[in-house]
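**Q** can you look at this prediction? I've put the sequence above it.
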Amino acid sequence: DHCYVGINEKLLNSITLLQNSDWRIAHFSCFNNSKESSSNERLGELVTVLAGDTATYLVGMVTPAGRDVQANSAMLWHSINHAMRYECSWFDVGGLGEGDSASVARFKRGVNAQEYRLIGEWCSQFTIN
C-alpha cells in the first residue's frame, strides 16, 4: 500500500520566501464553524502558486470530515476565483491518476478542464565511473 508523502516541508518553506510580484503563494483553509461543531475544526488546507498567467494547485489536504462536505471542491472554487482576480488565464488542477476518487475526477471534469496526458515516469540505474 503506497502512501503519497507530499512535497518536502523545507522546499515549501523555501518557496514562500521567493514570493514577488511575478510569483505568489495563495493559502486557503476550510473550517467547520457550524452550530453543531463546538470546536471550529479544520477540514482542509490548499496551496496554489500564481506565476505569470498560470495558477497551479500545489498541495492540498482534506480530513475525512472535510471529504464528507466536499471541502476540497469549495477551496478549489475559491482558489480559481482568486486566480481570476489576478488575471490568470490558466489554472492547473493537476492530473487524474488511477488512485483518484470519482468525486475528484467529477470535479476536475466538471470545471471543463482540458485533459492531457504526460509521458509518465521513467527510471534507470547506471554507474558513473
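**A** Received, thanks. Numbering: from 1, shown residues only.
**Q** tell me how far Ser14 lies from Thr54.
**A** The gap separating Ser14 from Thr54 is 20 Å, by C-beta to C-beta, to the nearest Å. C-beta: built from backbone N, CA, C; applies to glycine.
**Q** quick check: buried residues in the lengthiest helix in the chain?
**A** In terms of residue count, the longest helix belonging to the chain (DSSP state H) is helix 71-85. Buried residues in helix 71-85, counted by 16 or more other C-beta atoms under 10 Å: Ala71, Asn72, Ser73, Ala74, Met75, Leu76, Ser79, Ile80, His82, Ala83.
**Q** skip ahead from it and say which helix or strand is next.
**A** strand 90-92 (DSSP states H and E).
**Q** for that next one, name the packing helices and strands.
**A** Contacts defined by 3 or more C-beta pairs under 8 Å, 6 or more residues apart in numbering; DSSP states H and E place strand 90-92 against strand 54-62, helix 71-85.
**Q** following element in sequence after the shortest one, please.
**A** Pointing back at strand 54-62 there. Past strand 54-62, the next helix or strand by DSSP H and E is helix 64-68.
**Q** give me the distance from that next one to the chain's centre.
**A** The chain centroid and the centroid of helix 64-68 are separated by 16 Å under C-alpha atoms, centre = their mean, to the nearest Å.
**Q** return it as PDB; C-alpha atoms alone will do.
**A** Written as PDB, here are the backbone C-alpha positions of helix 64-68 (Å, rounded to 0.1, in the frame of the first residue of the first chain):
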ATOM      1  CA  PRO A  64     -12.400  12.700   6.500                       C
ATOM      2  CA  ALA A  65     -15.000  15.200   7.800                       C
ATOM      3  CA  GLY A  66     -13.800  17.600   5.100                       C
ATOM      4  CA  ARG A  67     -14.400  15.000   2.400                       C
ATOM      5  CA  ASP A  68     -17.900  14.500   3.700                       C
END
